[in-house]
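J.: heads up, no residue letters with this:
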């Protein structure tokens, strides 16, 4: 069964106090194109993420977003040696000059070199094992959505193909009737020339063959989108030839109907992986 190219999946990231979310979105594209939105310092993971995506998705524009929502913002580091030196100096100063020692904890913390605040950064290598599991979950969600879309596309394209067959049957009946009606009104040579110029047997056969090929592609798991587009182009070519060979209002209307359905199939092929 064919798959579509539109999907969304997400997975939560939890490692200690670090929390985040990974989201994967896919839309139509001629080839596989992966776009990354990663935190600072996570670019080293792009190749690993690309490999996981390529293992499940063959075609489409894929957007991978990793957001860190919670983390320890700062580490407070106390320089115990500096505190002891400040206290010793304060005691000595107070004793020497007979000054009351009114030093406070708040006062000590404001002194240079006593307290240092360092921002905590999430390390890509440490987070990768958890991120990988969340990414796999998100990609699985995308695949489920694309599979559901594929089923809907298959139903629609099959419907277009069935309606095309009805129009082809109408063309065959109409051209047969035209030949019978013309035979009695023309000489043998005229009818032979008319019959040759209006012979669309080859085009009808190829058109029916392409319909069978399209039905077969709809049963494939992947790689059908580009092939469907190519087949639709060939359908359009054969249909145009039929319209140019048989100058009749009924046939012309059927040709227009077929071309409309072929165009819809081409549009839908752009949604097929």
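T.: Thanks, I have the structure now. Keep in mind the model is a prediction, meaning the values are calculated, not measured.
J.: quick one: the strands in the stretch 101-250 of the chain?
T.: Along the stretch 101-250 of the chain, counting by DSSP state E, counting those that start in this stretch, strands occupy 115-119.
J.: low-confidence stretches in it?
T.: Scanning the stretch 101-250 of the chain for pLDDT under 70 picks out 117-121, 183.
J.: tell me how far whichever strand or helix holds residue 63 is from the chain's mean position?
T.: In the assignment (DSSP states H and E), residue 63 maps to strand 60-70. Mean C-alpha position of strand 60-70 versus that of the full chain (Cα atoms, centre = their mean, to the nearest Å) differs by 13 Å.
J.: tell me the buried residues in it?
T.: By neighbour count on 16 or more other Cβ atoms under 10 Å, the buried set for strand 60-70 is 60-64, 66, 68. (Each C-beta comes from the backbone N, C-alpha and C, glycine too.)
J.: closest one to residue 160 out of these, please.
T.: Distance to residue 160, by Cβ to Cβ, is smallest for residue 60 among these, at 22.5 Å.
J.: now for the residue lying closest to residue 4 once chain neighbours are set aside: which residues touch it?
T.: Ranked by Cβ to Cβ, 6 or more residues apart in numbering and with sequence neighbours excluded, the top spatial neighbour of residue 4 is residue 149, at 2.8 Å. By Cβ atoms under 8 Å, 6 or more residues apart in numbering, the residues touching residue 149 are 3-7, 271.
J.: quick one: average pLDDT of stretch 60-73?
T.: Stretch 60-73 shows a mean pLDDT of 89.
J.: residues making contact with it?
T.: 5, 13, 17-29, 32-39, 42, 49, 53, 119-120, 122, 131, 135, 273.
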